[in-house]
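1. Below are the sequence and a predicted model; questions follow.
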Amino acid sequence: LMIRRPPRSTLDRSSAASDVYKRQVLYNKKFEIFDIVQKEFKQYFPNEGWVEHNATEIWDDVRNLISKILRKNKLNSKNIISIGITNQRETTVLWNKKTGKPVYRAIVWQDRRTANLCENLKRKGIDKKIQKITGLELDPYFSATKIKWIIDNVKEVNKNLKNNNLLFGTIDTWLLWKLTKGKSHLTDISNASRTMIFDSQKEQWSDKILKIFNIPKNILPTVVENAYDFGSTKLFGDSIPIGGMAGDQQSATIGQACFKKGQSKSTYGTGCFLLMNIGEKFKLSKNRLLTTVAFKINGKKMFCYEGSIFVAGSAIQWLRDNLKFIKDSSETDKLYKKANKDESLFFVPALTGLGAPYWNPNARGTFFGITRNTSKEDIIKATLDSLSFQTYELIECMEKDSKTKISEIRVDGGMVKNNSFLQSLANISQIKIIRPSNVETTSLGAAYLAAIQSGYLKNTSQISKLWKKDKTVKANINKSISTSSISKWKSIINVVNNFY
């Protein structure tokens, strides 16, 4: 939300490195954070590899948090210039458009229940067809197989389909539909490009892929640019326009001002996502990365390569909630420094499978090198280092695909407040790591989009001038040491992939 009043204060945020939050962020006209309110929400794990959210709970909390942040700051709807929406992508909601109620819980991007379906389709060579149209790997990660699963397994769906009462959306579309009381059934091009049913070149839903998954076209939202008149909401008083929308990783790319070809950013939240701007041409990866739409603003579309690591901050959450090693994720910074440097411990955090470049949904978390001397500090260090190793592999793939040397990466997300992790990332990658002054780049990107639609900003060049650096971290170990560690890591990954 962008406010008209000048700034008064900034709320200090607790780390969101490992938890799933609904978050409302108020920005002023200088794009400084005015206030943040957030609430962690429950995740459901009904079966091994299944991850679900309650879409109704998400909506109720979002609505209540907007009311709360306005009330807390003595603001009303007239003080708000525009709303921008950003969301975890791929998470799938199907709902009854008459009652406004979901027919099933939201199936989350991390969910692996459709792994067998994907394997069967790969045996038929369908994966190549899908990649050519969408730029994506055939994987349970994306929305297509989640939609199919709900249609095939929820009894209520058939009746709704016959009566033309069923709608699909990722979380952006679901929230927009609720905010506008059902008037806007839209999604933006960045979220659409992550569904695995969208033709990113033609900018339309692919009839060929819809036929493969038997998904009816009439349940799908209309796809538009990132800065657009998405409608307005009157739930908080007078009408507030909704002017921006982007999937979280593309929104962070906008917030990090990665508008030039070759610029890269990596976000470390629940998962890790490294994106490189590859320009205006759609180019398929030869190294199992994803090609996706970075954004479309003022008629100009840019593509990016993306490498997805499914488990990042959620591994820290696992250390906290399941192993009880820590009470707060911020403790990992100091505990990392206490680890025994002589321990050669490796952890593959495949708690929900492996993403790029391996795409193995059946892989599971595995430790290598545990001894009687292994401590919780060593395990914490191995967990954080594993994210650096995986990031390095993504960098390696991107450099091969783009034939460009990556000299620096702009990082963001809750985990980048951890200086030990940033140093690990710089040491293993041997690349300059840059943290911006505002690490809330995901919400910032949405605010920029809303500002462009409202006319407050005219173009992306103005956004680039607003980007500010906070900290630069360079490698403080010899490259030969990191090369040796990377070699061991690759051997370990091969063992895991061969075992699972």
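-> Good, I have the coordinates. Residues are numbered from 1 along each chain as shown.
2. Which helix or strand lies directly C-terminal to the longest helix belonging to the chain?
-> In the chain, with assignment by DSSP state H, the single longest helix is helix 376-402. Remark: after helix 376-402, the chain's next helix or strand is strand 408-412, criterion DSSP states H and E.
3. in that following strand, what's buried?
-> For strand 408-412, the buried set under the neighbour-count rule, 16 or more other CB atoms under 10 Å, comprises 409-412. Bear in mind the C-beta positions are built from the backbone N, C-alpha and C, glycine included.
4. what helices or strands is the helix or strand following that strand leaning on?
-> Once strand 408-412 ends, the next helix or strand along the chain (criterion: DSSP H and E) is helix 419-429. On a contact count with 3 or more CB pairs under 8 Å, 6 or more residues apart in numbering; DSSP states H and E, helix 419-429 meets helix 332-337, helix 376-402, strand 408-412, strand 432-436, strand 469-473, helix 479-499.
5. now the angle from helix 419-429 to strand 408-412?
-> Using axes from the mean of the first three to the mean of the last three CA atoms, to 10 degrees, the direction of helix 419-429 lies 150 degrees away from that of strand 408-412.
6. Now helix 419-429: average pLDDT?
-> Helix 419-429 shows a mean pLDDT of 96 in the predicted model.
7. returning to what we had before: gap between the longest helix of the chain and the chain center?
-> 17 Å (CA atoms, centre = their mean, to the nearest Å).
8. ditto for stretch 428-443
-> The answer for stretch 428-443 is 15 Å, by CA atoms, centre = their mean.
9. If you count neighbours, what's buried in that stretch?
-> Result for stretch 428-443 [16+ other CB under 10 Å]: buried residues 428-431, 433-436, 438-443.
10. These: which two are farthest apart?
-> Largest separation among those by CB to CB: Gln430 and Ser443, giving 31.0 Å.
11. thinking again about what came up before, the helices and strands packed on helix 419-429: which one's closest to Asn360?
-> Short answer: helix 479-499, nearest of those by CB to CB, at 5.5 Å.
12. just the angle between that closest one and helix 419-429, please?
-> 90 degrees.
13. which strands and helices sit next to helix 479-499?
-> strand 346-348, strand 366-368, helix 376-402, helix 419-429.
14. how about a cut-off of 7 Å?
-> strand 346-348, helix 376-402, helix 419-429 (3 or more CB pairs under 7 Å, 6 or more residues apart in numbering; DSSP states H and E).
15. What average pLDDT does that helix get?
-> If you average the pLDDT over helix 479-499, you get 95.
16. Roughly how far does the closest residue to Ser485 other than its chain neighbours sit from Lys471?
-> Take Ser485 and drop its neighbours on the chain: the residue closest to it by CB to CB, 6 or more residues apart in numbering is Ile428, 6.7 Å away. From Ile428 across to Lys471, the span is 18 Å (CB to CB, to the nearest Å).
17. List the contacts of Ser443.
-> Ser443 makes contacts with 23, 25, 86, as judged by CB atoms under 7 Å, 6 or more residues apart in numbering.
18. one more time with 8 Å, if that's ok
-> If a contact means CB atoms under 8 Å, 6 or more residues apart in numbering, then Ser443 has 23, 25, 27, 84, 86, 251, 255 as its contacts.
19. which SS state does it fall under?
-> Of the three states, Ser443 takes helix under DSSP: H, G, I helix; E, B strand; the rest coil.
20. Helices of the stretch 201-350 of the chain, start to end?
-> Counting by DSSP state H, counting those that start in this stretch, one finds helices in the stretch 201-350 of the chain at the ranges 207-213, 248-255, 313-321, 332-337.
21. and Gly307, which of these is closest to it?
-> Of the helices of the stretch 201-350 of the chain, nearest to Gly307 by CB to CB is helix 248-255, at 10.5 Å.
22. what's the closest one in contact with?
-> 86-89, 190, 226, 246, 265, 267, 269, 273, 275, 277, 292-295, 304, 306, 412-413, 438, 440-446, 448-449, 460, 463.
23. Tell me which entries of those residues lie within strands.
-> Among these, DSSP state E puts 86-87, 246, 265, 267, 273, 275, 277, 292-295, 304, 306, 412 in strands.
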